[in-house]
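Enquirer: output the structure for:
(2 chains)
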Amino acid sequence: MNTVSGRTIRAIIVDDEELARRVLHELIAAHLDMEIVAECANGFEAVKAVTELKPDLLFLDIQMPKLDGFEVLELVGSDLCIVFCTAYDQYALRAFEVHAVDYLLKPFGAERFEAALTRARQRMGEQKRMPPDLATQARTPGQFSDRIVLRDGSDVHIIPITKLDYAEAQDDYVALASEGKKRLKQQTISSLEQSLDPTRFLRVHRSYILNIERLKKLEPYGKDNHVAILTDGTRLPVSRSGYTRLRSLLDAKP
Amino acid sequence: MHPILSQTRRLGLYLLAWVPLAGLLLYLLTGGGRLGAGEAALFSIIVSGVYAFMCLSAWYSCRATPIDTSSFARLLSTHMLAAMFLSLMWLLLALAFAFALSFVPTFHGLNERVKQVTALLWTMGILLYLLSVGLHYVLLAVEASRMAEQRESAARVLARDAELRALKAQINPHFIFNSLHSISALTTLDAGRARDMCISLSEFLRMTLGMGEKAAIPLSEELSLLHKYLAVEKIRFGARLEMREDVQPETLGCIVPPLLLQPLIENAVSHGISHLPEGGWIRLDVKEKSDSVHIEVENTYDPDSPPRRKNGMGLRIVQQRIEARFGAQAGFAVSKDANLFRVTMDFPAERTSQA
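Expert: This next block holds a predicted model:
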């Protein structure tokens, strides 16, 4: 067997059903240039394995315990090839938006698997990197996140958006304040803003997104700026345009 | 729409019924030699014809005072007043008509002769109007029952539609595809188990499809369908799926709509067990308490699992179906504890004659 890069392809299988993992195991075993470096049964295991083992190729189920396939990808996927394996056909569009190599519909056999593998080898040859923010942008319009997933090394944290107080831009990262802690996520504040429900979260400043429910009062600050005081006493700057947006949102609410 | 005026056939029949009434008027007018036979005939035909149409107005007062919700005093006063008023109008018209006719030489003095029978005409007008009121109430009742029948048959069609849609939704394609994927894995690992799984899956599908034609089945049949389903899921999930079943034997003959429990268990598997890496359990309890069946399905679940996409569609369909079958006597509730999800249902215990 030849490989494009002339080296072994290191693969990870992620599926919560053992028999489904066995199918992939069997199909991969037919290729001498491929090596299975890990098999994972849930999203947490997958994130940990991918960050630690840095595989070339990931076979990823979508509906899984802990984190779904897209959340796993959001946390790990910038420089590896993804092949989704699922019985659900409704995620295909989203899968291609996050630049998945292929989308295998269960049940699949050797022929379909080989086609996916060929595409994966081509992609590996191109050495094209996915922009880091792409995974988070693939979202059905009108549907907003219920939770934010983030990674700290190989540990995964989940912040339900009801517990997010505010977000602060820090270079290429956003700091997410929740329950008295701040956690960093590699994401731009604009892309975070787009994934949040605009009736509940508002960009009050170039660097800040505020959870409206946490707002206690607004105070004037300086000449024509304002400062938002949150229920826990935190003070966040509010820009002039942020103040206009905030006023119109608050006035619209009963 | 007026029930008589709107249909030519009904109007014809109604006018026909007035012929003997006109005859009666003629008989009364000629009695005692008050009017001549010829003039009485012309007079009674014309005034009866006019009054036939005037009496159609009873429909409006009948509709305004429905017979089953209005008090007797109200009915009596409304219709008596209307009768007296309308009859008076009719009398005045009759007198005017007689006056006009009296200019024709043949009918000379008719107005004088008609004046002698004003009391008779007025009484008769009242009675005829009341007769018309009775007729209109009958027509309204007929109309109402026809409407009710139409509504009922429309509701039946809707219920049947909902039932079919529900059954179609129950056969979850992802369950089938995932099962087939497991079978394909087993073909090389364990051909015997692959065959067993094929058989369980086929039996489940055959029973599910067969149930579409039945309105209700005994609980024992629903449980056997459930066991086929679980046999398939147990192969997919292995030790992760633990089923705890506690069914009182006396409930087995109770009637349930088909596919009542299976969707609840499938819901527990796909939203509970499948999100627990270490697995979990599903508990099914069926009891009979004072002539009602009490069903409880409880399962472990991960409150932090990724948000579910199809929010409780399956549960809503089950609720609609027991409500359609048992009406207000059906109870359905969903509750959540820290890591337990629970559905409870109550409905009257009904048994087939054979059971």
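Enquirer: residue boundaries of the strands in the stretch 51-200 of chain A?
Expert: All strands of the stretch 51-200 of chain A, identified by DSSP state E, counting those that start in this stretch, fall at A:57-60, A:81-86, A:102-105, A:147-152, A:155-160, A:164-170, A:173-178, A:181-186.
Enquirer: now for A:Ser207, how many residues are close by?
Expert: Residues lying near A:Ser207 (other C-beta atoms under 10 Å in any protein chain shown) number 16. To be clear about C-beta, it is placed using only N, CA and C from the backbone, and glycine gets the same treatment.
Enquirer: contacting residues for it?
Expert: Contacts for A:Ser207 (C-beta atoms under 8 Å, 6 or more residues apart in numbering or on different chains) come out as A:168-169, A:189.
Enquirer: and of those, the nearest to chain B?
Expert: Using C-beta to the nearest C-beta, A:Ile189 is the member of the contacts of A:Ser207 that sits closest to chain B, with 23.2 Å.
Enquirer: need the contacts of A:Ser207 in CSV with pLDDT and distance to chain B, can you?
Expert: CSV is the format used below for these (pLDDT from 0 to 100; distance: C-beta to the nearest C-beta, whole Å):
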residue, pLDDT, distance to chain B
A:Glu168, 94, 25
A:Ala169, 93, 26
A:Ile189, 91, 23
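Enquirer: any idea how chain A splits into domains?
Expert: According to automatic domain parsing, chain A is divided into the following domains: A:9-136, A:147-252.
Enquirer: re earlier: give me whichever of the strands of the stretch 51-200 of chain A is most buried.
Expert: Burial of these is given as mean neighbour count (mean count of other C-beta atoms under 10 Å in any protein chain shown); strand A:57-60 ranks first at a mean of 28.
Enquirer: I figured A:Leu150 hits A:Arg183, correct?
Expert: Yes. The criterion here is C-beta atoms under 8 Å, and A:Leu150 meets it with A:Arg183 at 5.8 Å.
Enquirer: spit out the residues that contact the two alike.
Expert: Taking C-beta under 8 Å, 6+ apart as the contact rule, A:Leu150 and A:Arg183 both touch A:157, A:159, A:176.
Enquirer: you'd agree the last one is up against A:Ile161?
Expert: No. Checked against C-beta under 8 Å, the pair A:Leu176 and A:Ile161 is beyond contact range at 9.9 Å.
Enquirer: in contact with A:Arg206, which residues?
Expert: Contacts of A:Arg206 (C-beta under 8 Å, 6+ apart): A:169, A:239.
Enquirer: tell me which parts of chain A are close to chain B?
Expert: With C-beta under 8 Å from any C-beta of the partner chain as the criterion, chain A meets chain B at residues A:16-20, A:22-23, A:26, A:41-43, A:45, A:63-68, A:71, A:87-88, A:105-109, A:146-147, A:158.
Enquirer: and the pLDDT for A:Arg10?
Expert: pLDDT for A:Arg10: 94.
Enquirer: what about it, neighbour count?
Expert: Other residues lying near A:Arg10 total 16 when counted by other C-beta under 10 Å.
Enquirer: what about it, distance to A:Ile28?
Expert: Distance, A:Arg10 to A:Ile28, using C-beta to C-beta, to the nearest Å: 11 Å.
Enquirer: what do you get for B:Leu24?
Expert: Distance, B:Leu24 to A:Ile28, using C-beta to C-beta: 103 Å.
Enquirer: those two: who's more crowded?
Expert: Looking at B:Leu24 and A:Ile28 with other C-beta under 10 Å, you find the greater number of neighbours at A:Ile28, namely 18 against 14.
Enquirer: quick check: phi and psi on the more buried one?
Expert: When read as degrees, to the nearest 10, the backbone of A:Ile28 gives phi -70, psi -40.
Enquirer: can you give me the pLDDT of the spatially most central residue of chain B?
Expert: Among the residues of chain B, B:Glu152 comes closest to the average C-alpha position under C-alpha atoms, centre = their mean, at 3.4 Å. Listed pLDDT for B:Glu152 reads 82.
Enquirer: next one: B:Ser353
Expert: 59.
Enquirer: my guess is A:Pro65 contacts B:Gly279. True?
Expert: No. Using C-beta under 8 Å, A:Pro65 makes no contact with B:Gly279, being 9.9 Å away.
Enquirer: which one's more surrounded, those two?
Expert: A side-by-side neighbour count of A:Pro65 and B:Gly279, using other C-beta under 10 Å, places A:Pro65 first with 23 against 16.
Enquirer: return the subset of the residues of chain A next to chain B lying in helices.
Expert: Among the residues of chain A next to chain B, the residues falling in helices (DSSP state H) are A:18-20, A:22-23, A:26, A:43, A:45, A:71.
Enquirer: these: which two are farthest apart?
Expert: Between any two of these, the greatest separation by C-beta to C-beta is 27.6 Å, found for A:Glu26 and A:Glu71.
Enquirer: run a quick neighbour tally on residue 228.
Expert: Because you didn't say which chain, this covers chain A. 26.
Enquirer: actually, chain B is the one I wanted.
Expert: If you count neighbours by other C-beta under 10 Å, B:Lys228 ends up with 19.
Enquirer: now name the helix or strand holding the closest residue to it other than its chain neighbours.
Expert: Counting by C-beta to C-beta, 6 or more residues apart in numbering or on different chains, B:Phe204 is the residue found nearest to B:Lys228 once chain neighbours are left out, at 3.9 Å. In the assignment (DSSP states H and E), B:Phe204 maps to helix B:191-211.
Enquirer: show me where the stretch 151-254 of chain A dips below the pLDDT cut-off.
Expert: A:254 (pLDDT under 70).
Enquirer: for it, which segments are assigned as helices?
Expert: For the stretch 151-254 of chain A, the helices defined by DSSP state H, counting those that start in this stretch cover A:189-195, A:240-252.
Enquirer: return the most buried member of those helices.
Expert: When you average the neighbours per residue for each of those (mean count of other C-beta under 10 Å), helix A:189-195 leads with a mean of 17.
Enquirer: name the helices or strands packed onto it?
Expert: Where contact means 3 or more C-beta pairs under 8 Å, 6 or more residues apart in numbering or on different chains; DSSP states H and E, helix A:189-195 is packed against helix A:134-137, strand A:164-170, strand A:201-205, strand A:208-211.
Enquirer: Serialize the ones you listed to CSV and add fields for distance to A:Glu35.
Expert: CSV is the format used below for the helices and strands packed on helix A:189-195 (distance: least, C-beta to C-beta, whole Å):
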stretch, distance to A:Glu35
helix A:134-137, 25
strand A:164-170, 38
strand A:201-205, 44
strand A:208-211, 43
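Enquirer: before we move on, the earlier item: what do A:Arg10 and A:Ile28 both touch?
Expert: Common contact partners of A:Arg10 and A:Ile28 (C-beta under 8 Å, 6+ apart): A:Met34.
Enquirer: quick one on the thing from earlier: pLDDT and distance to B:Asp68 added to the ones in helices among the residues of chain A next to chain B, as a markdown table?
Expert: Listed next are those as a markdown table, based on pLDDT from 0 to 100; distance: C-beta to C-beta, whole Å:
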| residue | pLDDT | distance to B:Asp68 |
| --- | --- | --- |
| A:Glu18 | 90 | 68 |
| A:Leu19 | 92 | 66 |
| A:Ala20 | 93 | 66 |
| A:Arg22 | 93 | 71 |
| A:Val23 | 93 | 70 |
| A:Glu26 | 93 | 75 |
| A:Gly43 | 90 | 65 |
| A:Glu45 | 92 | 70 |
| A:Glu71 | 89 | 63 |
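Enquirer: most neighbours among those, which one is it?
Expert: Among those, the one with the most neighbours (other C-beta under 10 Å) is A:Gly43, at 30 neighbours.
Enquirer: what's the nearest residue to it if we skip its chain neighbours?
Expert: A:Leu67 (2.6 Å).
Enquirer: now that neighbour: how far from A:Leu210?
Expert: Distance of A:Leu67 to A:Leu210, computed by C-beta to C-beta: 27 Å.
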